[in-house]
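> Provided below are the primary sequence and the corresponding predicted coordinates.
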Amino acid sequence: MRFLRGDHPSYDLTYDDVFMVPNHSSVTSRFGVDLATMDGTGTTIPIVVANMTAVAGRRMAETVARRGGIAVIPQDIPLDIVREVVQWVKARHLVFDTPITMAPHETVGEALNLLPKRAHGAVIVVESGRPIGVVTEADCHSVDRFTQLERVMSSDLVTIAHNTEPETAFRVLHEARRKLAPVVGPDGKLVGILTRTSALRSTIYAPAVDAHGQLRIAAAVGINGDVQQRAAQLIEAGADVLVVDTAHGHQQRMLDALQAIRSLDPAIPVCAGNVVSGEGVRDLVAAGATIVKVGVGPGAMCTTRMMTGVGRPQFSAVLECSTVAAELGAHVWADGGVRHPRDVALALAAGASNVMIGSWFAGTHESPADAQRSADGRLYKENFGMASARAVANRATDEDPLEAARKALYEEGISTSRMYLDPARAGVEDLIDDIVAGVRSACTYAGAASISELQANAVIGVQTASGYHEGRPLDSSW
């Protein structure tokens, strides 16, 4: 990328401080843009779900990988659970979703507790493994919670055969005027669920898959304890990317951890961070990282800058770090600070190969937390930072009580915040649609048919706060 008029500001910039200038373009359609990344992670869209306990779980990992991204399982999850999650995700289908299943005698109250777990919003009622009905939230309105599902389910089913192509499945659902249908195998037993929108998405997105055609998933490891053993176990469990994570990545303990992991000669990418300087990138790459995670303080749950004064505006951090990484044959992930699709596009233009998203995805059906309802009736999920007292307590369960209490006393990061589910975009796929549409459009404006062309062609200008405000749409008249 280059700056408009060749001006390179002497001060650091956030995403809000910059804009992209349109170039001559021969890219005629957003669908003509290839968003596959080249950093070895196998992602076909440049989205990585951050390793936050309130965000990245099995449902998130499955759904995001099906659309081409990858999720990072947090480092404070017990190894046996990580192994189970990795195996579960890799066993998921590349097109249809995992259904919520219940028996005919189970109740409406039980169904209402499970419905918010999946964006497709349906429970498939099964008997002897075969679907016999579908229950949605609408079927449960004004019904006693102890009513059995067989009394409220819709039994007039349209089913999709397991080997039906997505285009055909979309047309079947469209012609039948159905939003979703159970997917059945040759024996008539339930193997999945497919919505009309999911079938459509499968014609647009390519899943992120490994050499065996299974969905990809990443796992994180901290820099304390026996890092080498933990890393070896995560690799053996089937993780496709290893993320070595700590808030201050440019420290000796991180370099020692990377060297220990590199001695394993891992055949998968190793990402490490976080840093915000070219010097940090050089040291982490020299120690064994193939990808460097960039960002200190821009995250929505992060109080580092307010507590310590430490950090750096994210656009400039990504720009400097990606420039140095390219010289070394490495890559960077932009971690934090993205709140709109434009921010993702600008992070990529600045040189990032992937963009990490955390809190933005916390308020979706797929995040691990249970949905709760506020006094005004809105659904929300609780989110918390990974340096908060809550997260520190989760990681310190095996520590001496005194030492754990000392760490909890010095928390950084918001312990709890409410992330409301947007009724119009309640699933992570809805947000991915917005992000990918914005990035693809940005590429067409820049005359770029790929991320590498975006990084080569992008012309970036610097704007005032009023310039940024001018670009914000209005939801009502002025």
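That came in fine, so what should we check first? Source: prediction; values computed, not measured.

> what lines up beside whichever helix or strand Met20 is part of in the sheet?
Met20 belongs to strand 18-21 when assigned by DSSP states H and E. Strand 18-21 pairs in its sheet with strand 459-462 (antiparallel), by DSSP bridges.

> Next secondary structure after the strand it pairs with?
As assigned by DSSP H and E, the chain's next helix or strand after strand 459-462 is helix 465-470.

> That next one - what's its average pLDDT?
Averaging pLDDT along helix 465-470 gives 95.

> one step back: and whichever helix or strand comes after the strand holding Met20, what does it pack against?
The helix or strand immediately downstream of strand 18-21 is strand 47-49, counting by DSSP H and E. Packing contacts for strand 47-49, counted by 3 or more C-beta pairs under 8 Å, 6 or more residues apart in numbering; DSSP states H and E, involve helix 58-66, strand 70-73, strand 354-357, helix 428-446. (Glycine included, C-beta is placed from N, CA and C.)

> Could you dump the ones you listed into TSV with mean neighbour count, mean pLDDT and distance to Thr44 added?
Listed next are those as TSV, based on neighbours: other C-beta atoms under 10 Å; pLDDT from 0 to 100; distance: least, C-beta to C-beta, whole Å:
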stretch	mean neighbour count	mean pLDDT	distance to Thr44
helix 58-66	26	97	10
strand 70-73	28	98	10
strand 354-357	28	98	11
helix 428-446	21	98	10
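
> which one of these lies closest to Val21?
Across those, Val21 has its closest neighbour in helix 428-446 (8.5 Å, C-beta to C-beta).

> just the CA coordinates of the closest one, formatted as CSV?
Output in CSV follows, covering the C-alpha atoms of helix 428-446 (Å, rounded to 0.1, in the frame of the first residue of the first chain):
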residue,chain,number,x,y,z
VAL,A,428,-21.9,-15.5,13.4
GLU,A,429,-22.5,-16.3,9.7
ASP,A,430,-24.6,-13.1,9.4
LEU,A,431,-21.6,-11.1,10.6
ILE,A,432,-19.3,-13.0,8.3
ASP,A,433,-21.6,-12.1,5.4
ASP,A,434,-21.3,-8.4,6.3
ILE,A,435,-17.5,-8.6,6.8
VAL,A,436,-16.8,-10.5,3.6
ALA,A,437,-19.1,-8.4,1.5
GLY,A,438,-17.3,-5.3,2.8
VAL,A,439,-13.9,-6.7,2.1
ARG,A,440,-14.8,-7.9,-1.3
SER,A,441,-16.2,-4.5,-2.2
ALA,A,442,-13.1,-2.8,-0.9
CYS,A,443,-11.0,-5.0,-3.2
THR,A,444,-13.1,-4.1,-6.2
TYR,A,445,-12.7,-0.4,-5.4
ALA,A,446,-8.9,-0.9,-5.1
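
> For the residue nearest the centre of the chain, list the residues it contacts.
Per C-alpha atoms, centre = their mean, the C-alpha nearest to the average position across the chain is that of Val49, at 2.6 Å. Each residue near Val49 by C-beta atoms under 8 Å, 6 or more residues apart in numbering is listed here: 55-56, 60-61, 64, 69-72, 356-358, 361.

> do Phe361 as well
Val49, Val55, Met60, Ser367, Val428, Leu431.

> Not counting its neighbours along the chain, what's nearest the first one?
Closest residue in space to Val49, ignoring its immediate chain neighbours: Ala71 at 3.7 Å, by C-beta to C-beta, 6 or more residues apart in numbering.

> So the one you found is in contact with Thr43, correct?
No: applying C-beta atoms under 8 Å, one finds Ala71 not in contact with Thr43, separated by 10.6 Å.

> one step back: and Leu79, which of the helices and strands packed on strand 47-49 is closest to it?
Nearest to Leu79 among these is strand 70-73 (10.5 Å), distances taken as C-beta to C-beta.

> Please point out which parts of the helix or strand that that closest one is followed by sit buried.
The helix or strand immediately downstream of strand 70-73 is helix 79-90, counting by DSSP H and E. Judged by neighbour count using 16 or more other C-beta atoms under 10 Å, the buried positions of helix 79-90 are Val82, Arg83, Val85, Val86, Trp88, Val89, Lys90.

> In CSV: the residues you listed, plus pLDDT.
Below are these laid out as CSV (pLDDT from 0 to 100):
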residue, pLDDT
Val82, 97
Arg83, 97
Val85, 98
Val86, 98
Trp88, 98
Val89, 98
Lys90, 98
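
> and which of the contacts of Val49 is nearest to Val152?
Closest approach to Val152 among the contacts of Val49 (C-beta to C-beta): Met60, at 29.5 Å.

> who are the neighbours in contact with that closest one?
If you count contacts by C-beta under 8 Å, 6+ apart, then Met60 has Val49, Ala71, Phe361, Thr364, Glu366, Ser367, Pro368, Val428 around it.

> Doesn't the fifth one lie inside a helix?
Okay, so that is Glu366. No: counting by DSSP: H, G, I helix; E, B strand; the rest coil, Glu366 falls outside a helix, being coil.

> Look up how far Gln233 lies from it.
26 Å (C-beta to C-beta, to the nearest Å).

> Neighbour count: the two, which is higher?
Neighbour tally, Glu366 and Gln233, criterion other C-beta atoms under 10 Å: the higher count belongs to Glu366, 26 against 17.

> residue ranges for the helices of the stretch 201-350 of the chain, please.
227-237, 252-262, 278-287, 304-308, 314-327, 341-349 (DSSP state H, counting those that start in this stretch).

> Deepest-packed of those, please.
Stretch with highest mean neighbour count among these: helix 341-349 (a mean of 26; mean count of other C-beta atoms under 10 Å).

> What is the distance between that one and the centre of its chain?
Mean-position distance between helix 341-349 and its chain equals 15 Å (C-alpha atoms, centre = their mean, to the nearest Å).
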